[in-house]
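> Coordinates for the following, if possible.
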Amino acid sequence: MKNLKSGIAYLLIFVSFFGCKKDILDQPPKDQLTDASVWSDLKLATLFLNEAYNGVPSGFERGFYLLAAATDEAETGYPWAYSQNWNRGDFTALDAPRFDAPWGGTPTPWGNRYLFIRRVNVFLEKIEAVPGDDAVKKVLKGEALFLRALFYHELVKLYGAVPIITKPQSLENTDALLVKRNTLEECNTFIVADLDAAAAILPNKRSGADVGRASKAAALALKGRQLLYAEKWTESAAASKLAMAVPGYSLFPNYEEMFWAANNNNSEVYFSKKYLTLLRTHPGNQFNSLYTMGGWGGTQPTQNLVDEYEMTDGLSYNASPLYNANQPYKNRDPRFGASILFDGAMWNGREIELKEGGKEGMGTANDATKTGYNLRKFIDPAIVKANPDNGYNNWILIRLGEVMLNYAEAQNEAVGPDQSVYVAVNAIRNRPSVNMPSLPAGLTQLQMRNKIRHERSVELAFEEQRFFDMRRWKGADGKYLAETILNSPVYGLKTSNDRTTRTKFKLEDRVYLPKHRLLPVPQQERNINKNLDQNPGW
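The predicted structure is shown next:
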């Protein structure tokens with residue numbers, strides 16, 4: 001009991017220190033690093049690593065919006081949400097928008113990611129000497145390597161090249177704290193190496209009490225994504241193919257219910273941030289559900305995204321004979337109705353009235369929609385009915401649907417639209433609850449590229465993929481698509497009270513500059529460490 005109390009005290013001190021400290025990358029509390037009670041007990045060492053899982057990002061914890069609201073997918077109903085800074089383009093290196101929850105931790109994702117990288121580095125340095133089962137320690141080491149790779153993956157997505165730190169830093173050697181940024185290629189190589197090492201020692205899939213912990217499948221899937229972002233097409237396709245080949249995973253039949261708490265850890269999930277504990281719930285359902293059902297309506301889909309959904313014949317709404325302007329939501333890709341609440345939709349036991357003067361209305365209350373739509377994806381009816389501010393549906397970070405699209409994109413870029421590309425995309429379109437037509441045969445590489453990009457837009461809507469997709473995809477002119485799409489207006493739709501008139505309107509203009517492709521390195525970090533170069537334009 002003495003050791004347990006000492007270990008818990010160590011963890012509390014460690015967390016409270018980092019909860020208020022703003023420093024160079026991941027400056028440690030030096031008086032806590034040699035606490036023998038933790039590193040002489042494998043259970044306490046495991047608890048130490050468990051804390052690193054708290055650093056896994058989650059859209060449910062972002063605060064008043066999903067990252068989709070900083071893209072053309074959505075708007076947030078609140079003028080103070082950080083997504084508004086992105087949409088106005090009015091921030092600097094001193095006040096860049098936060099990507100993490102607006103409470104606890106450090107003010108920037110830079111600080112938060114390095115906080116948890118440091119925890120992993122401490123663990124990797126100490127775990128070999130901890131007495132206990134070597135097989136258990138080996139798996140824990142694999143988890144630590146996966147988490148470190150994930151945190152660096154998140155840093156690179158946001159900042160580009162960053163310093164690679166693999167050992168706990170010490171206040172006694174201040175020169176070692178003043179690190180430079182590694183190259184982007186070095187970062188990519190490092191992340192892939194950690195994931196390779198993790199995949200080599202982790203179980204294929206976790207089960208029982210270990211569900212939610214890192215696995216070989218998750219490591220391979222994240223490797224595929226990292227290489228996709230690095231435009232290493234052949235290597236990315238190979239990694240995603242291996243991830244898809246891990247037994248025990250399959251597309252979950254019901255697209256909407258995949259994101260509900262009853263189906264946490266379903267057959268499609270490779271890795272998620274887990275909730276449903278006494279100490280960990282999230283307010284995601286409250287932030288984003290209808291205000292008439294106890295929510296705040298934080299993430300509101302745009303007409304831009306609505307127009308992306310095909311008709312059930314596989315054609316766009318403006319090319320299909322199935323489209324009826326008087327019934328614009330009929331005969332749409334079923335993922336539309338599973339993701340977006342529209343006027344007249346049946347949800348949670350009644351018809352939703354997003355028309356002017358309707359029960360939900362439009363802009364008639366602080367939390368009412370400004371776009372004419374509300375979010376349906378992720379919103380768990382069981383949670384909304386019980387207590388929406390205590391959500392316990394997991395945030396899925398990596399799932400088979402994404403991995404299949406990652407494979408299709410990489411393979412198409414590497415060799416063109418071979419049969420395996422068709423198989424991957426069509427499997428997603430043919431999901432039992434979706435049943436969209438297969439892609440037409442004979443597509444060129446460019447045509448398939450556009451089909452895959454469309455499929456990512458609707459399959460992964462609101463899952464915080466598009467923010468980064470827009471910053472890595474390029475058009476025929478070689479420019480990043482973000483420079484056009486995220487620098488254009490977003491639209492909503494007004495529906496008259498009698499539903500005879502629907503009017504598309506411009507909600508707002510958006511501002512995107514080339515420098516917005518990456519976050520600026522936080523100025524407070526550069527004030528301390530003069531060796532940190534700034535990103536272009538900042």
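> Output the below-cut-off pLDDT ranges for the stretch 101-250 of the chain.
For the stretch 101-250 of the chain, the stretches flagged by pLDDT under 70 are 101-106, 171-176.
> ok, how many other residues are close to residue 362?
Residue 362 sits with 22 neighbouring residues when counted by other C-beta atoms under 10 Å. Where C-beta positions appear, they are placed from N, C-alpha and C, glycine not excepted.
> do the same with residue 509
Residue 509 has 11 nearby residues by other C-beta under 10 Å.
> Same question for the one 10 residues further on.
Taking other C-beta under 10 Å as the neighbour definition, residue 519 ends up with a count of 23.
> which non-adjacent residue is nearest it?
In this structure, residue 519 finds its nearest non-sequential neighbour in residue 158, 4.8 Å apart by C-beta to C-beta, 6 or more residues apart in numbering.
> pretty sure the one you found is touching residue 517, no?
No - between residue 158 and residue 517 there is no contact under C-beta atoms under 8 Å: 10.2 Å.
> buried residues in the longest helix along the chain?
Assignment by DSSP state H gives helix 134-159 as the longest helix of the chain. Judged by neighbour count using 16 or more other C-beta atoms under 10 Å, the buried positions of helix 134-159 are 137, 139-159.
> Off-centre distance for that helix?
Centre-to-centre, helix 134-159 and its host chain are 17 Å apart (C-alpha atoms, centre = their mean, to the nearest Å).
> Run through the neighbouring helices and strands of it.
Applying 3 or more C-beta pairs under 8 Å, 6 or more residues apart in numbering; DSSP states H and E, one finds that helix 134-159 contacts helix 42-50, helix 109-126, helix 184-201, helix 216-229.
> quick one, what contacts residue 428?
Shown in contact with residue 428 (C-beta atoms under 8 Å, 6 or more residues apart in numbering): 251, 401, 404-405, 434, 455, 459.
> Cross those against helices and list the overlap.
Short answer: the contacts of residue 428 in helices (DSSP H) are 401, 404-405, 455, 459.
> Residue nearest the middle of this protein, spatially speaking?
Centroid-nearest residue in the chain, with C-alpha atoms, centre = their mean: residue 464, separated by 4.4 Å.
> burial count for residue 366?
10.
> so how far is residue 291 from it?
8 Å (C-beta to C-beta, to the nearest Å).
> follow-up on the earlier one: just the buried ones among the contacts of residue 428, please.
Neighbour-count burial (16+ other C-beta under 10 Å) is assigned, among those, to 251, 401, 404-405, 434, 455, 459.
> could you redo those as CSV and give each row distance to residue 177 and pLDDT?
Formatted as CSV, these follow (distance: C-beta to C-beta, whole Å; pLDDT from 0 to 100):
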residue, distance to residue 177, pLDDT
251, 47, 98
401, 42, 98
404, 42, 99
405, 40, 99
434, 51, 98
455, 45, 98
459, 43, 98
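> nearest to residue 323, of the residues you listed?
The nearest member of those to residue 323, counting by C-beta to C-beta, is residue 434 at 18.7 Å.
> hang on, isn't the closest one packed against residue 334?
Yes - contact criterion C-beta under 8 Å: residue 434 and residue 334 qualify, at 5.3 Å.
> anything in contact with each of the two?
residue 255.
> Is the residue nearest to the centre of the chain in contact with residue 66, as I believe?
Yes - counting by C-beta under 8 Å, residue 66 is a contact partner of residue 464 at 6.4 Å.
> which residues do these two both contact?
residue 59.
> Mean neighbour count and distance to residue 314 added to the helices and strands packed on helix 134-159, as a markdown table?
What follows is these, written out as a markdown table (neighbours: other C-beta atoms under 10 Å; distance: least, C-beta to C-beta, whole Å):
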| stretch | mean neighbour count | distance to residue 314 |
| --- | --- | --- |
| helix 42-50 | 18 | 46 |
| helix 109-126 | 23 | 39 |
| helix 184-201 | 19 | 36 |
| helix 216-229 | 26 | 25 |
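> Make CSV from those helices and add distance to residue 469 to it.
Shown next, in CSV, are the helices and strands packed on helix 134-159 (distance: least, C-beta to C-beta, whole Å):
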stretch, distance to residue 469
helix 42-50, 32
helix 109-126, 18
helix 184-201, 18
helix 216-229, 10
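> out of the ones you listed, nearest to residue 270?
With C-beta to C-beta as the yardstick, what comes closest out of the helices and strands packed on helix 134-159 is helix 216-229 (4.6 Å).
> Residue 289 reaches residue 299, doesn't it?
No - counting by C-beta under 8 Å, residue 289 does not reach residue 299; the two are 9.7 Å apart.
> Identify the contacts common to those two.
residue 375.
> Following the chain onward from the helix or strand hosting residue 239, which element is next?
Element membership for residue 239 (DSSP states H and E) is helix 233-245. Tracing the chain C-terminally past helix 233-245 and defining elements by DSSP H and E, one meets strand 269-273 next.
> Parallel or antiparallel, which strands does that following strand pair with?
strand 395-399 (antiparallel) (DSSP bridges).
> list the buried ones in the strand it pairs with?
395-399.
> What's the mean pLDDT across that strand?
For strand 395-399, mean pLDDT rounds to 98.
> So what's the gap between it and the chain middle?
On C-alpha atoms, centre = their mean, the centre of strand 395-399 falls 7 Å from that of its chain.
> ok and that strand relative to helix 233-245, angle-wise?
If you take axes from the mean of the first three to the mean of the last three C-alpha atoms, to 10 degrees, strand 395-399 sits at 110 degrees to helix 233-245.
> ok, residues contacting strand 395-399?
Strand 395-399 is contacted from outside by 56-61, 218, 221-222, 225, 258-259, 268-273, 275, 282, 284, 463, using C-beta under 8 Å, 6+ apart.
> Recalculate using a threshold of 6 Å.
58-60, 218, 221, 268-273 (C-beta atoms under 6 Å, 6 or more residues apart in numbering).
> out of these, what pair is the most spread apart?
60 and 221 (20.6 Å).
> pLDDT wise, what is the closest residue to residue 393 other than its chain neighbours at?
Spatially, and ignoring its direct neighbours in sequence, residue 393 is nearest to residue 261 (4.0 Å; C-beta to C-beta, 6+ apart). Per-residue confidence (pLDDT) for residue 261: 95.
> right, and residue 261 touches residue 378 too?
No - using C-beta atoms under 6 Å, residue 261 is not in contact with residue 378, being 10.4 Å away.
> Neighbour count: these two, which is higher?
residue 378 (25 against 15).
> tell me the secondary structure for the more buried one?
Put simply, residue 378 is coil when judged by DSSP: H, G, I helix; E, B strand; the rest coil.
> so who does it touch?
Going by C-beta under 6 Å, 6+ apart, residue 378 touches residue 259.
> what's the nearest residue to residue 45 if we skip its chain neighbours?
Excluding the flanking residues, the one nearest residue 45 by C-beta to C-beta, 6+ apart is residue 130, at 4.9 Å.
> mind checking how far the one you found is from residue 38?
Shown here: residue 130 relative to residue 38, a distance of 9 Å by C-beta to C-beta.
> And for residue 155?
Distance from residue 155 to residue 38, counting by C-beta to C-beta: 26 Å.
> ditto for residue 78
41 Å.
> Isn't residue 260 up against residue 382?
No - between residue 260 and residue 382 there is no contact under C-beta under 6 Å: 7.1 Å.
> who's more crowded, those two?
Shown here are residue 260 and residue 382; by other C-beta under 10 Å, residue 260 has more neighbours (18 against 13).
> ok, the closest residue to that one other than its chain neighbours to residue 231 distance?
Counting by C-beta to C-beta, 6+ apart, residue 260 lies nearest to residue 380, which is 4.6 Å off, once chain neighbours are set aside. Separation of residue 380 from residue 231 (C-beta to C-beta) stands at 37 Å.
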